[in-house]
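Peer 1: build me a structure from this.
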Amino acid sequence: MTAADAIREAVKLAREVDRLGYRRYWLAEHHNSESLACAAPEALIGQVAAATKRIRVGSGGVMLSHYSALKVAEVFRMLETLYPGRIDLGIGRAPGSDRLTARILAHGPGRLGVQHYPEQVADLLGYLGRGHEDERLNGVRAMPEGNTQPDVWLLGSSLGSARFAAWFGCPYSFAHFIQPRDAEAALDLYRSEYRPSERHPEPQASVGVSAMVAETEDEAHRQSLSRFLWWIRLTQGRPGPFPSLEEAEACEFTKSDRRVMEKMRARSLIGSPGAVRERAEELAGRLGVDELVVLTICPGFEARVRSYELLAEAVGMTGLPVDIAAPQA
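Peer 2: Below you'll find the predicted structure:
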């Protein structure tokens with residue numbers, strides 16, 4: 001589909017998962033991509049919030065190193081004013097793009113290297129109500145002010161991101177679908193080094209995981225083939241549009257490709273509703289989290305919605321909270 005189609009479907013999906021009882025709907029930031037459609041989550045968050053009634057909507061996340069901390073605070077204060085109590089601000093330090101695109105995004109004499117990310121986080125939290133160590137900055141307010149604040153999450157897939165989240169006393173979401181090997185160590189570090197904040201006196205963590213649910217195991221694995229092919233091409237330096245299911249089924253995977261696919265299956269929640277629920281509960285229990293952020297990528301919108309429906313039914317939506325990450329092209 002086109003990028004415009006994907007954006008429209010992201011709003012449609014939000015309505016569906018709001019109806020199903022999901023807790024959050026996060027939108028990622030990717031630049032110069034032929035397969036991932038959202039380069040400006042801050043623009044799409046307002047559209048999704050307007051189209052839904054209950055679900056929290058946020059960024060998963062804003063790549064803070066590209067931007068002014070004050071401007072990010074202003075954008076999310078505006079969203080919070082429009083949709084009070086429903087906005088999450090997830091931030092990260094990855095480029096969300098190739099190196100050239102990242103350089104262009106940060107163009108100008110005042111651009112900061114990624115080593116300044118902790119300072120930017122401190123400034124962002126300061127503008128959102130914590131105050132600044134530099135008293136001069138306390139005279140600069142992120143407008144419009146209000147009685148509620150967006151909830152700030154730090155995102156990451158490393159021990160470094162866990163340490164930052166602990167230091168700043170913020171909720172932390174670990175990208176298990178990117179780096180499952182470090183999940184347990186990162187979450188343990190986050191909890192052991194956590195410094196309580198006024199808004200979050202206790203650590204709060206979630207885990208992002210890939211999932212595909214269908215009525216049968218075979219169909220769930222079939223629907224995952226496009227994602228497998230897309231990822232294999234990406235790791236081989238051949239990025240491009242997301243492949244159709246027909247293209248993936250016709251592909252002659254090599255032995256090396258199949259080894260990659262097996263690793264992807266092992267770190268994903270793929271299968272029938274009962275099997276996925278069992279694996280989700282095992283993963284959440286092992287990592288000590290009570291919230292999963294589920295990323296479902298498949299070529300057909302109907303299959304994607306059905307996956308979230310089956311998952312909602314399987315977990316009952318009264319036990320393990322499950323969230324959504326979107327969109328795709």
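Peer 1: what about the helices in the stretch 201-329 of the chain?
Peer 2: 217-235, 245-250, 255-266, 273-287, 301-315 (DSSP state H, counting those that start in this stretch).
Peer 1: please identify which helix or strand holds the residue nearest the centre of the chain.
Peer 2: When CA atoms, centre = their mean is applied to the chain, the residue found nearest the centroid is Gly60 (3.4 Å). Assigned by DSSP states H and E, Gly60 belongs to strand 56-63.
Peer 1: between strand 56-63 and the helix or strand that that strand is followed by, find me the angle.
Peer 2: Later in the chain than strand 56-63, the nearest helix or strand by DSSP H and E is helix 69-82. With axes from the mean of the first three to the mean of the last three CA atoms, to 10 degrees defining the directions, helix 69-82 sits at 170 degrees from strand 56-63.
Peer 1: tell me which residues are up against helix 69-82.
Peer 2: 42, 45-46, 49, 62, 64, 87, 89, 91, 120-121, 123-124, 127-128, 140, 142-146, 148-150 (CB atoms under 8 Å, 6 or more residues apart in numbering). To be clear about C-beta, it is placed using only N, CA and C from the backbone, and glycine gets the same treatment.
Peer 1: low-confidence ranges in this protein?
Peer 2: 95-97, 106-114, 318-322, 324-329 (pLDDT under 70).
Peer 1: swap the cut-off to 90 and go again
Peer 2: 1-2, 32-38, 61, 65-68, 93-117, 129-142, 146, 239-241, 299, 316-329 (pLDDT under 90).
Peer 1: may I have the phi/psi pair for Glu215?
Peer 2: With angles defined as degrees, to the nearest 10, Glu215 sits at phi -60, psi -30.
Peer 1: isn't it up against Leu310?
Peer 2: Yes - counting by CB atoms under 8 Å, Glu215 touches Leu310, with 7.3 Å between them.
Peer 1: overlap in contacts of these two?
Peer 2: Joint contacts of Glu215 and Leu310 (CB under 8 Å, 6+ apart) are Pro273.
Peer 1: these two: who's more crowded?
Peer 2: Leu310 (20 against 11; other CB atoms under 10 Å).
Peer 1: circling back: give the contact list for the residue nearest to the centre of the chain.
Peer 2: Per CB under 8 Å, 6+ apart, neighbours of Gly60: Trp26, Leu27, Ala28, Pro41, Gly90, Leu155, Ser173, Gly208, Val293, Ala325.
Peer 1: same question, Asp151
Peer 2: Arg56, Gly58, Ile87, Asp88, Leu89, Pro171, Arg199.
Peer 1: how much space between it and Glu282?
Peer 2: 28 Å (CB to CB, to the nearest Å).
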